[in-house]
Structures are given as structure tokens and as C-alpha cells.
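Engineer: could you work out the structure for the sequence below:
(one chain, ligands or ions: 1)
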Amino acid sequence: MAHKICVIEGDGIGKEVIPAAIKVLEATGVDFEFIHAEAGDEVFEKTGVALPEETIEKALECDAVFFGAAGETAADVIVKLRQILKTYANVRPVKAYKGIKCLRDDIDYVIVRENTEGLYKGLEAEIDEGVTTATRVITRKACERIFKFAFELARDRKKQGKEGKVTCAHKANVLKITDGLFKKVFYEVAEQYDDIKAEDYYIDAMNMYIITKPQTFDVVVTSNLFGDILSDGAAGTVGGLGLAPSANIGDEHGLFEPVHGSAPDIAGKGIANPTATILSGVLMLRYLKEFEAADKIERALEEVLAEGLTTPDLGGNLTTFQMAEEVAKRVEKY
Ligand SMILES: O=C(O)CSCC(=O)C(=O)O
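Structural biologist: Next up, the predicted model:
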């Protein structure tokens with residue numbers, strides 16, 4: 001039975017990195033049915049809608065969504081898609097790969113970002129001339145859900161030899177009610193996992209520790225906006241956003257996307273790094289329980305990166321598609 005994948009290339013380099021990553025996915029021999037759909041700036045200019053109903057229907061019908069990037073309409077597209085698909089966990093691995101200039105070569109942790117609330121509920125208002133507000137929503141239900149996800153992930157990683165630790169990042173010393181609840185529920189859930197260590201840091205300190213002691217982290221869990229900011233900084237410690245994949249996971253749907261945006265400055269030049277999208281494809285394969293195929297791509301990508309067969313941002317001289325072809329060739333060989 002083919003895995004039905006809703007493919008949304010979107011804007012800018014999304015139109016280049018998604019086809020490149022699909023070539024690698026097809027090289028695994030896994031049976032896919034790719035169903036293309038539109039979203040982002042171009043469809044907004046054509047129709048006035050950045051996320052068409054037809055796209056939402058396809059996303060809901062498919063086994064997973066493979067998303068490239070959106071331009072100015074990014075927040076309207078991806079934030080809305082995450083909420084419609086109820087993908088409450090935004091999983092962002094932070095890993096050093098051989099051959100890539102990183103802060104340290106032993107960085108290997110995962111940031112789990114709460115994906116449905118916080119400041120992303122869209123509750124903004126102009127309450128007076130020049131006076132605007134944004135309401136931050138933190139609920140017990142969403143906290144329990146994201147912390148259980150984080151502890152279960154730490155339990156799975158512990159089986160692969162990782163430390164078995166969850167670190168909560170918050171700002172409870174200032175946001176005494178919202179992050180007071182966030183931190184309180186974290187330790188309530190932690191009590192249900194006596195085999196997993198639990199610790200917490202203020203988000204500003206965490207922003208430093210991902211630079212000064214990244215090797216000490218296993219699973220980091222935080223709220224929506226803090227996770228958005230922290231994960232981009234973390235990507236910088238392992239080679240940049242060109243290498244940063246993400247998985248948006250819920251109980252019924254999964255959406256896989258590179259953390260980077262549409263990069264209009266390099267769009268159409270054929271030099272966009274496909275690594276983040278290929279690695280997002282690896283996360284999608286694991287979600288679909290195609291573990292052998294996922295391992296093959298990760299091994300092939302590590303070889304290609306280590307041999308310097310990369311796009312210019314990583315010091316190579318290959319195009320987006322040429323780099324993907326180097327990965328695909330190795331996958332077919334395994
Ligand atoms: O803040 C958001 O998540 C919506 S805009 C795209 C983005 O920044 C990300 O996916 O990290």
C-alpha cells in the first residue's frame with residue numbers, strides 16, 4: 001500500500017529542495033503516492049488565499065505532508081496548517097554531522113516546541129492609538145500533552161544509548177502565571193517518568209547553554225515562540241538552517257518541513273542546500289515506520305557531507321539537484 005504524501009513545494013527554494021528530496025525518497029524504493037498541493041505567496045497573489053481549502057483537504061486525507069517553504073505568507077500558511085492538523089509537537093533535531101563546521105562534534109539533542117498555543121494563538125489587538133497587545137495562552141492540557149511527548153521521546157532515545165534527560169526552558173521568574181503553570185506541569189509529568197532525568201532553565205540562560213554546553217542536552221522542551229527562536233540559534237551551532245529539519249507531529253497527522261524559509265535571495269539559482277529537506281524526509285520515513293529506508297538516507301547523506309559533495313553554502317560546488325543525486329546514488333547502492 002503506497003504512502004500518500006501531500007507535497008506542498010510553496011515558494012522560493014521550496015520549489016527546488018522538495019523535488020530534490022523526493023528524488024532521494026524515491027531512491028529508497030518505498031512505495032509513495034505524491035499528491036501535489038499549493039500554498040504560499042504565489043497562490044495568494046493568484047487567488048487571494050495563501051492556504052486554499054483544496055490544499056487543506058489534501059493534507060487531511062494524506063498519510064503525511066511534505067512542506068517546502070512559504071514567503072511572506074509563511075505564518076498564515078504553516079501556523080494555520082499546524083493547528084488544522086493538530087500537530088502539537090514541533091520536533092527539531094540538533095545534530096553535528098561529520099564534514100560540517102560545527103561548534104562541537106558531539107552535539108546531538110532534540111528541541112521539542114509546543115506548536116499550538118503560547119503567543120501563536122493570534123490574539124493580538126490595538127487597544128488604543130499606538131497601543132497594541134498580544135495574549136499568551138498556556139493551558140494545562142497542552143502542557144501535559146507536550147511534556148508527555150518529550151518524556152516519551154527521551155525514553156526512546158535512552159534505548160539508543162542517550163542519557164535519558166528532558167530539559168524545560170521557560171521564563172517563570174517573569175511570566176509568573178503562564179510559565180509558572182508551564183514549569184509546574186513539567187515537574188508533575190516528570191514524576192511519571194522516574195527513569196528519565198528532569199531539569200529546567202530560564203530561556204535566556206538556555207540561549208547561552210546551547211552555545212557553552214550543547215553536549216549536555218538530550219531532549220529540550222519549551223513553548224512556541226521560545227522554541228522558534230531557540231531552534232534557529234541551535235541550528236547555527238551545527239552548520240546553519242540549511243541543515244535543520246523539523247517534524248510537526250500530532251495524534252493523527254504529521255507535517256515535515258525544513259526550518260529554513262523560502263530564501264528569495266537564492267531562489268532559482270539552483271544552489272539551495274537540500275540537506276534540511278532531505279533530513280525532514282528522513283523524519284517522515286521514521287514517522288511512516290520505514291526505518292530501514294530512513295537509515296539508508298541518513299547514512300548516504302553523512303557520506304556525501306563528509307566527502308564535501310555539497311552545495312556552495314557548505315563549501316562545495318554542486319547544485320541542489322546534483323547533491324541530491326549523490327545521496328540518491330548511494331541509497332540505491334545499499
Ligand atoms: O514561527 C513560526 O514557526 C511560523 S513562521 C516559520 C518559522 O519561523 C518556523 O517554522 O520556525
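Engineer: who does the longest helix that the chain contains touch, helix- and strand-wise?
Structural biologist: As assigned by DSSP state H, the longest helix anywhere in the chain is helix 140-159. Of the remaining helices and strands, those touching helix 140-159 by 3 or more Cβ pairs under 8 Å, 6 or more residues apart in numbering; DSSP states H and E are strand 89-95, strand 108-114, strand 165-170, helix 178-190, strand 219-222. Backbone N, C-alpha and C define where each C-beta goes, glycine included.
Engineer: the same query, at a cut-off of 7 Å, please.
Structural biologist: Packing contacts for helix 140-159, counted by 3 or more Cβ pairs under 7 Å, 6 or more residues apart in numbering; DSSP states H and E, involve strand 108-114, strand 165-170, helix 178-190, strand 219-222.
Engineer: just how off-centre is it within its chain?
Structural biologist: Computed by Cα atoms, centre = their mean, to the nearest Å, the chain-centroid distance of helix 140-159 equals 16 Å.
Engineer: report the inter-axis angle for it versus strand 165-170.
Structural biologist: When axes from the mean of the first three to the mean of the last three Cα atoms, to 10 degrees is applied, the directions of helix 140-159 and strand 165-170 differ by 150 degrees.
Engineer: average pLDDT across helix 140-159?
Structural biologist: Mean pLDDT, helix 140-159: 98.
Engineer: show me what from the stretch 201-334 of the chain comes close to the ligand.
Structural biologist: Asp228, Val259 (Cβ under 6 Å from any ligand atom).
Engineer: please enumerate the helices of the stretch 201-334 of the chain.
Structural biologist: Secondary structure of the stretch 201-334 of the chain, counting by DSSP state H, counting those that start in this stretch: helices at 203-212, 224-236, 275-287, 291-306, 320-333.
Engineer: close to the ligand: what parts of the stretch 51-200 of the chain are there?
Structural biologist: Ala74, Ala75, Ile78, Val79.
Engineer: and the helices and strands packed on helix 140-159, which is most packed in?
Structural biologist: For these, the largest average neighbour count (mean count of other Cβ atoms under 10 Å) is found in strand 219-222, namely a mean of 28.
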